[in-house]
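# Please work out how this folds:
(2 chains)
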Amino acid sequence: MKGDMSPLLAIKGVWKHYHGHSVLRGIDLEVRPHEVVCLIGASGSGKSTLLRCVNLLETIDDGTIHLDGREISDPRVNADKVRQRLGIVFQAFNLFPHMTVLDNITLAPRKVHKVGREQAEEHARGLLARFGLADKAGAYPDRLSGGQQQRVAIIRALATQPRLMLLDEVTSALDPALVAEVLGIIRELKEGGMTMILATHEMSFARDIADTVCFLDGGVLREHGTPEQIFTDPRHPRTRDFLRTVIGARP
Amino acid sequence: MGGLSGDTWVKSARQVEREKTRRRRALRSGSVATASTVVFLVLLIWLLTASPGWPRVQETFFSPEAFVRALPEVVDGFLLNVKIFLIAEPLVLLVGLLVAVVRSLKSPIFFPLRALAVAYTDIFRGVPTILVIYLVGFGLPALELQGMPTDLATLGVIALTLSYGAYVAEVFRAGIESVHPSQRTAARSLGLTHGQSMRHVVLPQAVRRVVPPLLNDFVSLQKDTALVATIGPLEALRQAQIHASGTFNYTPYLVAALLFILLTIPIARFTDYLAARTQRRRGQ
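Predicted coordinates for the structure are as follows:
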């Protein structure tokens, strides 16, 4: 890891309300370059909302978000420019059904980053080969398994070489046999030094891959620490309750 | 015994029996359909020809001589209908798509355009097509503006485009709204602008979905080219009218009707085919 530890992403006091209900209640979180942060917590605890706020798909109601030292929560900031530097992957893949795998991946590089078609496709084919999908370049999404679709969605987000990847419960819509192939790709990204925030229900995976685990509960970041600390010695009683219900074992 | 475990499959006696029953049933439904159609047609023809006024109707509507006499000129007029249709249709698509896209713009700077688009669809869907044709046909030339077309067929094309553009805009808008919001979210999250998301992600999916209803509107437009007759150009209906009023024989109308049917049936079948194909794809 680099010596310079200035955060790549800094979230300070972020609030988000929906219909008079507070989904995020003053979240503070810093992510350093090459760090992998796992957000854990029950459904509705605010994990997905936090990711959507970072990607400016939601506007926050208070607080600030800085990316590379620049505030992106300022309404004058061009959201398209910010999103160009972030990659997000959704639970439901959201591939474009009318485009081939290759076109799905090269759309943003070609139209947003103005890379030539040839170069974009070469890069895309390289990524597909790296993640075991070389033979699927010409296929349409509905011909792929869920695991393959999600791997394509991850590659699509990677194709623009983002500073930070946001992964929103990317394995929740997959049957257990397909989860491993998607987790494999994420592990490879970590080895490549990608900075990532993952919202996940896969506790063993979080424990395995995370540098930092954050426990969200009712829109509050109750506790964060190393995976060892959170999973073996949770300090907050709510964290203990949560881990007891999802893992079933007494920590 | 067939169907036991293993790699070669021999049809079991049970399956052979089953397939025989299915074939027998298919044959029976086929014969029932044929028989009932024949009976129905015979009844219909008998009912028609047995009616007291039949000889008169036969003479005035189904006269072979009048048919042959009117045919060349009605066909000639019909070519104008086809021309009006072929010019109006692309214009309708263009206007419809443009209006639908304008309505989807969110930026405040486009408010006047958006308001105009809403007013346009509200007005031209509300006014009967024949009225639009009258107003455009007699109103526009009356303005005596420089460069305003006075050719009746051109005015007809303008009127039909205005009227059908409003319908087609709504069809496109329904298509745009039927694309799941997560598609737009995914596009925007990749850094695409609103316009780029619309062009590369939303519209291609929307247009594919609305092809069957659009074709339905095409069929409707094809026959509504006859409404242009009211302002005077010599298209099929007008030619038929001229013939009919000269001879007091209405067979020329039948000629015009047949020509319209010949044009619309292929498109109607094509629409059915597309709808069925979409259904099959969804079913997969």
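
# CA only for contacts and neighbour counts going forward, please
Noted.

# Just list the residues touching the residue lying closest to residue B:103 once chain neighbours are set aside, thanks.
The spatially closest residue to residue B:103, leaving aside those adjacent along the chain, is residue B:114, at 5.2 Å (Cα to Cα, 6 or more residues apart in numbering or on different chains). For residue B:114, the set of contacting residues under the criterion of Cα atoms under 8 Å, 6 or more residues apart in numbering or on different chains consists of B:102, B:103, B:105.

# for the stretch 151-284 of chain B, which spans come out with low pLDDT?
B:281-284 (pLDDT under 70).

# which bits of it sit near chain A?
With Cα under 8 Å from any Cα of the partner chain as the criterion, the stretch 151-284 of chain B comes near chain A at residues B:182-183, B:185-186, B:188-193, B:196, B:201, B:204-205.

# show me what contacts residue B:245?
Applying Cα under 8 Å, 6+ apart as the definition, residue B:245 turns out to have no contact partners.

# Kindly report the same for residue A:6.
Residue A:6 makes contact with A:32, A:33, according to Cα under 8 Å, 6+ apart.

# helix, strand or coil for it?
Secondary structure assignment for residue A:6 (DSSP: H, G, I helix; E, B strand; the rest coil): coil.

# Flag every residue of chain A that's near chain B.
By the rule Cα under 8 Å from any Cα, the part of chain A lying against chain B is A:55, A:57, A:79-84, A:86-88, A:94-96, A:98, A:108, A:111-112, A:157.

# Most proximal residue of chain B with respect to chain A?
Among residues of chain B, the one nearest chain A by Cα to the nearest Cα turns out to be residue B:191. It sits 4.6 Å away.

# Residue A:160 and residue A:83 touch, don't they?
No - with contact defined as Cα atoms under 8 Å, residue A:160 and residue A:83 do not form a contacting pair (10.2 Å).

# Neighbour count: these two, which is higher?
Neighbour comparison, residue A:160 and residue A:83: the larger count goes to residue A:160, with 26 against 20 (by other Cα atoms under 10 Å in any protein chain shown).

# farthest pair in the residues of the stretch 151-284 of chain B next to chain A?
Distances among those were taken as Cα to Cα; the most separated pair is B:191 and B:205, at 19.4 Å.

# Which of the two has more residues huddled nearby?
For residue B:191 versus residue B:205, neighbours defined as other Cα under 10 Å are more numerous around residue B:191 (27 against 22).

# would the more buried one count as being in a strand?
No - under three-state DSSP, residue B:191 falls outside any strand and is assigned coil.

# for it, what are its contacts?
By Cα under 8 Å, 6+ apart, the contact set of residue B:191 is A:79, A:80, A:81, A:82, A:83, A:84, A:108, A:112.

# switch the cut-off to 10 Å
Contacts were defined as Cα atoms under 10 Å, 6 or more residues apart in numbering or on different chains; by that measure residue B:191 touches A:55, A:79-87, A:108-109, A:111-113, A:160, B:185, B:197.

# which of those residues count as buried?
A:55, A:79-80, A:82-87, A:108-109, A:111-112, A:160, B:185, B:197 (16 or more other Cα atoms under 10 Å in any protein chain shown).

# okay, and the common contacts of residue A:160 and residue A:83?
B:190, B:191.

# Skipping adjacent residues, who's closest to the residue of the stretch 151-251 of chain A at minimum distance from chain B in space?
Nearest to chain B in the stretch 151-251 of chain A, going by Cα to the nearest Cα, is residue A:157, at a distance of 7.0 Å. In space, and not counting its chain neighbours, residue A:157 is closest to residue A:87: 4.7 Å by Cα to Cα, 6+ apart.

# Hmm, the one you found is touching residue A:158, no?
Yes - the pair residue A:87 and residue A:158 passes the contact test of Cα atoms under 10 Å, sitting 6.5 Å apart.

# Name the nearest residue to residue A:105, ignoring sequence neighbours.
For residue A:105, ignoring the flanking residues on the chain, the nearest one in space by Cα to Cα, 6+ apart is residue A:156 at 4.3 Å.

# right, and the one you found touches residue A:86 too?
No - counting by Cα under 10 Å, no contact exists between residue A:156 and residue A:86, whose distance comes to 11.6 Å.

# quick one: common contacting residues for these two?
Residues within reach of residue A:156 and of residue A:86 at once, by Cα under 10 Å, 6+ apart, are residue B:190.

# For the stretch 51-200 of chain B, which segments are assigned as strands?
In the stretch 51-200 of chain B, no strands are defined using DSSP state E, counting those that start in this stretch.

# With chain A instead?
Along chain A, the stretches classed as strands by DSSP state E are A:9-18, A:21-31, A:36-40, A:62-67, A:70-71, A:86-89, A:164-168, A:196-199, A:212-217, A:220-225.

# can you put these in JSON lines and add distance to residue B:14 and mean pLDDT?
Written out in JSON lines, the entries for the strands of chain A read as follows (distance: least, Cα to Cα, whole Å; pLDDT from 0 to 100):
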{"stretch": "strand A:9-18", "distance to residue B:14": "62", "mean pLDDT": "94"}
{"stretch": "strand A:21-31", "distance to residue B:14": "62", "mean pLDDT": "94"}
{"stretch": "strand A:36-40", "distance to residue B:14": "57", "mean pLDDT": "95"}
{"stretch": "strand A:62-67", "distance to residue B:14": "70", "mean pLDDT": "95"}
{"stretch": "strand A:70-71", "distance to residue B:14": "74", "mean pLDDT": "93"}
{"stretch": "strand A:86-89", "distance to residue B:14": "52", "mean pLDDT": "94"}
{"stretch": "strand A:164-168", "distance to residue B:14": "52", "mean pLDDT": "95"}
{"stretch": "strand A:196-199", "distance to residue B:14": "55", "mean pLDDT": "96"}
{"stretch": "strand A:212-217", "distance to residue B:14": "61", "mean pLDDT": "95"}
{"stretch": "strand A:220-225", "distance to residue B:14": "65", "mean pLDDT": "94"}
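
# out of these, nearest to residue B:86?
Comparing those by their distance to residue B:86 (Cα to Cα), the top pick is strand A:86-89, with 45.6 Å.

# which helix of the chain spans the most residues?
You didn't say which chain, so I picked chain A. Among the elements of type helix in chain A, defined by DSSP state H, the one spanning the most residues is helix A:176-191.

# please go with chain B instead
helix B:64-104.

# And that helix, what does it pack against?
When contacts are defined as 3 or more Cα pairs under 10 Å, 6 or more residues apart in numbering or on different chains; DSSP states H and E, helix B:64-104 sits against helix B:54-61, helix B:111-126, helix B:152-178, helix B:203-224, helix B:236-247, helix B:251-283.

# Report the angle between the fifth one and helix B:64-104.
For helix B:236-247 against helix B:64-104, the angle by axes from the mean of the first three to the mean of the last three Cα atoms, to 10 degrees is 150 degrees.

# pLDDT below threshold where in the stretch 101-250 of chain A?
Within the stretch 101-250 of chain A, the ranges that satisfy pLDDT under 70 run A:248-250.

# count of neighbours near the closest residue to residue B:84 other than its chain neighbours?
Distance criterion Cα to Cα, 6+ apart; nearest residue to residue B:84, sequence neighbours excluded, is residue B:157 at 5.9 Å. Other residues near residue B:157 come to 25 when the count uses other Cα under 10 Å.

# residues touching residue B:157, list them.
Contacts for residue B:157 (Cα under 10 Å, 6+ apart) come out as B:83-89, B:91-92, B:133, B:136-137, B:163, B:225, B:228.

# one step back: give the contact list for the residue nearest to residue A:105.
Residues counted as contacts of residue A:156 (Cα under 10 Å, 6+ apart) are A:87-89, A:95, A:101-109, A:124, A:127-128, A:150, B:190.

# Tell me the buried residues within the residues you listed.
For those, a neighbour count by 16+ other Cα under 10 Å gives the buried set as A:87-89, A:95, A:101-109, A:124, A:127-128, A:150, B:190.

# Got the domain ranges for chain B?
Dividing chain B into domains by automatic domain parsing, as the record does, gives the ranges B:1-48, B:70-283.

# out of those, nearest to residue A:189?
Distance to residue A:189, taken as Cα to Cα, is lowest for domain B:70-283 among the domains of chain B, at 18.5 Å.
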